[in-house]
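A.B. asks: I would like the atomic coordinates for the input below:
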Amino acid sequence: MKGRAMLNFKQVTMAAAVGAIALTMTAMPATAKERLKMSTIAPGTSMYLVMTTMANLINQNQNDIEISVDATGAATKHMVDVGRGKIDMSMTSPTVHMLMSRGIAMYKKLKEAPKLAKNLRILFWFPLGPYHYVTYANSGIKTLKDIKGKKVFLGPPGGGQWATARTFLQGVTGYKVKSDYKNVKASFSAALQGFQDRQIDVYTIGCLDPCAQLQQLTATSKIRMLGTDIKDGRTIPGLKKYWIPGREWTSIAPDAYGKNQVNDTPVYVNGAVVGVTARASLPDATTYKMMKTFWPALEKIRANAPWTRDVTMKYATQKFAMPFHPGAAKYYKEIGAMK
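C.D. replies: Have a look, this model is predicted:
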């Protein structure tokens, strides 16, 4: 049964990838559909999978809206593009939205960031999943303390994952980027290749289990997940400043990736809330129809997509500082998921 679940996951992942490519290449009559542009991050992440699945299900189950997906770049930049109206939707998070609203961190040099943040509306939230700090079983690295002096990929430079992972590692170990470990600047795909070539000691990715990239690794190699044995991250003194809106604490099971994952006990790590944001000027009728199409269609594929178990209506309708798009809110109120 376990092997069958993994096969179905790969099939769904491949379908999402193929579907996303097809969306960008299929020409539609100019007046036939309302065409929308959505940006997400690299293939292999749960954000990519959830968002391309959303686009595919909406495209396949109604005839008025067509969503094309671009899976390049960083969500922090995509949110700026949505705020400016250059694209219609992108990945977001409560944490990055807060930074954008205040014009700090990666938005420090962008004076219009707070104004652009006001142009963002949430469609639904979903869990990013655990941050997987991965090393090879024979690397000699057994705990996070062992990354001192090592080459570590935290995420693409300037991205939300990079900022979150850096803060987490400093809170748990006291280590700082550059002075204590070497920061690898690369895209997700380039870093994964570097990790496979043994040029990088620790590869970091936030994703829902089972993560396609890690299934790929464990097909041929033994790996170890790094983290803590502490069930409640709020008890870690160094993480007191870590807890801002959108950050969570979660775990990775010792058998999440089969016999080639060498952990004997659960690994407790940071997680995050992420979501799909839309420009405020997108018509209410459009976002209403998208949500009304997406959620029932998602229910029909859950049995063959184990990663969807945590993409729930209760999670989706959490309230953070970013307001819900009125069209999405209308749908949630109709089904009783929101007051």
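
A.B. asks: which SS class is the nearest residue to Y203 once chain neighbours are set aside?
C.D. replies: Closest residue to Y203 apart from its sequence neighbours, by Cβ to Cβ, 6 or more residues apart in numbering: F195 at 4.0 Å. Yep, even glycine has a C-beta here, placed from its N, CA and C like the rest. Following DSSP: H, G, I helix; E, B strand; the rest coil, we place F195 in the helix state.

A.B. asks: and if you look at Y332?
C.D. replies: Under three-state DSSP, Y332 falls in the helix class.

A.B. asks: Next one: the residue nearest to it when sequence neighbours are not counted, what pLDDT does it get?
C.D. replies: Closest residue to Y332 apart from its sequence neighbours, by Cβ to Cβ, 6+ apart: M338 at 3.8 Å. pLDDT for M338: 97.

A.B. asks: same deal with M25?
C.D. replies: Per-residue confidence (pLDDT) for M25: 41.

A.B. asks: Does the residue nearest to Y332 touch A329 like I think?
C.D. replies: Yes - counting by Cβ atoms under 8 Å, M338 touches A329, with 6.2 Å between them.

A.B. asks: ok, those two, which is more surrounded?
C.D. replies: The residue with more neighbours, out of M338 and A329, is A329; 21 against 16, by other Cβ atoms under 10 Å.

A.B. asks: What residues does that one make contact with?
C.D. replies: M338 (Cβ atoms under 8 Å, 6 or more residues apart in numbering).

A.B. asks: State the distance from it to V273.
C.D. replies: 18 Å (Cβ to Cβ, to the nearest Å).

A.B. asks: Just say helix, strand or coil for the residue nearest to Y332.
C.D. replies: When classified by three-state DSSP, M338 comes out as coil.

A.B. asks: Quick check: closest non-adjacent residue to L36.
C.D. replies: Distance criterion Cβ to Cβ, 6+ apart; nearest residue to L36, sequence neighbours excluded, is D88 at 4.3 Å.

A.B. asks: Check what pLDDT the one you found gets.
C.D. replies: Listed pLDDT for D88 reads 98.

A.B. asks: May I ask you to confirm that it is in contact with K37?
C.D. replies: Yes - at 5.2 Å, D88 counts as touching K37 under the criterion of Cβ under 8 Å.

A.B. asks: Neighbour count: the two, which is higher?
C.D. replies: The neighbour comparison of D88 against K37 (other Cβ under 10 Å) goes to D88, with 22 against 16.

A.B. asks: Phi and psi next, for the more buried one.
C.D. replies: The phi/psi pair for D88 (degrees, to the nearest 10) reads phi -100, psi -30.

A.B. asks: what sits against it?
C.D. replies: With contact taken as Cβ under 8 Å, 6+ apart, D88 is in contact with L36, K37, M38, V82, A278, R279, L282.
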